[in-house]
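Enquirer: After the sequence you'll find the predicted model.
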Amino acid sequence: MTAFTTLPLKPSLLASLETLGYAEMTPVQAQSLPPMLEGRDVIAQAQTGSGKTAAFGLSLLQTLDVDSIRLQALVLCPTRELADQVSKAIRKLAANIPNVKLLTLCGGMPLGPQLASLTHDPHIVVGTPGRVQEHLKRESLHGGGIKVLVLDEADRMLDMGFSEAIDDIVGRIAKHHQTLLFSATYPQEIRAISQRMQREPVEVTVETPHDEVTIEQRFHEVDPAQKIDALAQLLVKEHADHALVFCNMRRDVDAVAEELDRRGFSALALHGDMEQRDRDEVLVRFANRSCSILVATDVAARGLDITALPQVISYDIAHDPDTHTHRIGRTGRAGHPGLAITLCTTRERPKANNIEALSGKPLPWHPLKISPPRGKTLHLAPMKTLVIDAGRQDKLRPGDILGALTGDAGLKADTIGKIDVYATRAYVAIKRDLANKALERLRAGKIKGRNFRVRAL
Ligand code: AMP
């Protein structure tokens, strides 16, 4: 373990690290930060949870010149959710550097307000490739002063078809810049991007020590008609109260979530066809434990800020070994083994063979005896979510909500879970059996002296 204080970081950054409580570097940070701070290009194999965001965040903030009103650092991410997380993380690291301007620019959001906030270039932009490309083309954003380009989850960006947009962006920004590339997997296309865009990159790979994270994998061969019964049975057997279920197709995501709901599970669907607000809501409910089973497509699941899930289940086996690796990487927490279950039909067997060939080990197949469902029993999540139709725009903060619930509403603090405040909405998780009481009390009383609309999800 190495302390951050061994690095030549600005005092303001060391102060932020102290506030955040990060003393020791994670392995990815320890290997990537020294070359990054020297200005070298770096290609790092790093998963979510490795501390990669802080690694590139610190590096780009170290070279930032706040007095120069130019765009100096550009971070490209595959999804809006990831861009939001990265922005939040960088803002926290920049908390002690006055006047840092960071803007998040993502597709799926109206262009007008983004244009309005771009009267001056920010110092840092975090965004998705398509939208960033559009701003550079329109010249609402200027790339001539960029010193650092970060490609975060580069493999996912390629999967999502952003390769051309990224190439175009690189052609529109300062020729001499540092390129930091982070990717969970290294398929050929990533090597090719690195060769195209990086100069003598330092390569960072971090082996996850086996005693740190253990993932038990189980493969079950199932009849297509019995898949849903198999899934429900496994969820009950494994006491799944925080599990992620992957389907390959959007329509199956909906069907599986609906069927689980019908069978008494707190299950929700997440896929790219949903409105952004609905997606945010689902992510909030899964994270705050008021939904126990999240059924998702691979792309949609990228928005999930949780890696240490107890169980990950592939309802459909992944199309390729890389996707499989991504899925199982969601489980396994330090000290607790994670469980990754894969259902596979006879027709899908070739995909399993590919995974086996790449892993170099026989797959752990286990027989599964499926019993017909025994009526409906409830497997509800421990919490329930209340939504308040007010948010940051109304100057509402988590403390105000906590105050209203523990004050006038008379709830104990330990019955209240996660509170998420968005621009125009706020979500609060309440112990399920007290949710109705909390709802009535909030409706009857005031939050921050005002009456807001409150409802249960
Ligand atoms: P990431 O891989 O960037 O998604 O980061 C995973 C989590 O680790 C985030 O919640 C960070 O806040 C946290 N983190 C990053 N670096 C450190 C560190 N050096 N010490 C403790 N926690 C960290």
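Expert: It's in. Small disclaimer: the values here were computed from a predicted structure and weren't measured.
Enquirer: domain assignment for the protein?
Expert: The chain resolves into domains spanning 4-205, 212-359, 383-456 when parsed by automatic domain parsing.
Enquirer: Would you format the ones you listed as CSV with distance to the ligand and mean neighbour count included?
Expert: Any C-beta I mention is one placed from the backbone N, CA and C, and that applies to glycine too. CSV is the format used below for the domains of the chain (distance: least, CB to the nearest ligand atom, whole Å; neighbours: other CB atoms under 10 Å):
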stretch, distance to the ligand, mean neighbour count
domain 4-205, 3, 19
domain 212-359, 7, 19
domain 383-456, 14, 17
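Enquirer: Format the ones you listed as TSV; extra columns: mean pLDDT and distance to His366.
Expert: As requested, the domains of the chain are exported to TSV (pLDDT from 0 to 100; distance: least, CB to CB, whole Å):
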stretch	mean pLDDT	distance to His366
domain 4-205	94	26
domain 212-359	91	5
domain 383-456	89	32
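Enquirer: Throw the ones you listed into TSV and include distance to Pro367, thanks.
Expert: Below are the domains of the chain laid out as TSV (distance: least, CB to CB, whole Å):
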stretch	distance to Pro367
domain 4-205	31
domain 212-359	8
domain 383-456	36
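Enquirer: So which of these is nearest Thr377?
Expert: domain 212-359 (5.6 Å; CB to CB).
Enquirer: what distance separates the closest one from the centre of its chain?
Expert: 15 Å (CA atoms, centre = their mean, to the nearest Å).
Enquirer: Same question for stretch 23-30.
Expert: 20 Å.
Enquirer: Run through who's touching it.
Expert: With contacts defined as CB atoms under 8 Å, 6 or more residues apart in numbering, stretch 23-30 is touched by 1-4, 17, 33, 44, 46, 50-52, 54-55, 58, 204, 206.
Enquirer: Same check on stretch 381-391?
Expert: Applying CB under 8 Å, 6+ apart, the contact partners of stretch 381-391 are 241, 266, 281, 284-285, 288-292, 396, 401, 417, 421-432, 435, 438-439, 442, 447, 450, 452-457.
Enquirer: Kindly report the same for stretch 422-431.
Expert: The contact list for stretch 422-431 (CB under 8 Å, 6+ apart) reads 280-281, 284-285, 288-290, 382-394, 396, 398, 401, 405, 411, 415-421, 438, 457.
Enquirer: cool, and stretch 444-457?
Expert: 281, 285, 290, 384-390, 394-396, 400-401, 403-404, 408-409, 427, 435-436, 439, 442-443.
Enquirer: Select from those residues every entry located in strands.
Expert: Per DSSP state E, strands hold the following members of the contacts of stretch 444-457: 384-388, 427.
Enquirer: Just flag the most distant two among those residues.
Expert: Distance extremes for these: the farthest pair is Lys384 and Ile388 at 13.9 Å, using CB to CB.
Enquirer: Distance of Ile293 relative to Asp278?
Expert: Using CB to CB, to the nearest Å, we find Ile293 at a distance of 17 Å from Asp278.
Enquirer: so what's the nearest residue to Ala357 once chain neighbours are set aside up against?
Expert: Sequence neighbours aside, Pro321 is the residue nearest to Ala357 in space, at 8.0 Å (criterion: CB to CB, 6 or more residues apart in numbering). Pro321 sits next to 354-355, 357-359 when contact means CB under 8 Å, 6+ apart.
Enquirer: quick one: terminal-to-terminal distance for stretch 285-299?
Expert: 18 Å (CA to CA, to the nearest Å).
Enquirer: again, but for stretch 118-131
Expert: One end of stretch 118-131 sits 13 Å from the other (CA to CA).
Enquirer: Give me the distance from it to the chain's centre.
Expert: Mean C-alpha position of stretch 118-131 versus that of the full chain (CA atoms, centre = their mean) differs by 20 Å.
Enquirer: okay, how far is it across stretch 420-440, tip to tip?
Expert: Start-to-end span of stretch 420-440 (CA to CA) is 20 Å.
Enquirer: Can you tell me how far the closest residue to Val86 other than its chain neighbours is from Leu13?
Expert: Leaving out its chain neighbours, the residue that sits closest to Val86 by CB to CB, 6+ apart is Val126, at 5.1 Å. Distance of Val126 to Leu13, given as CB to CB: 18 Å.
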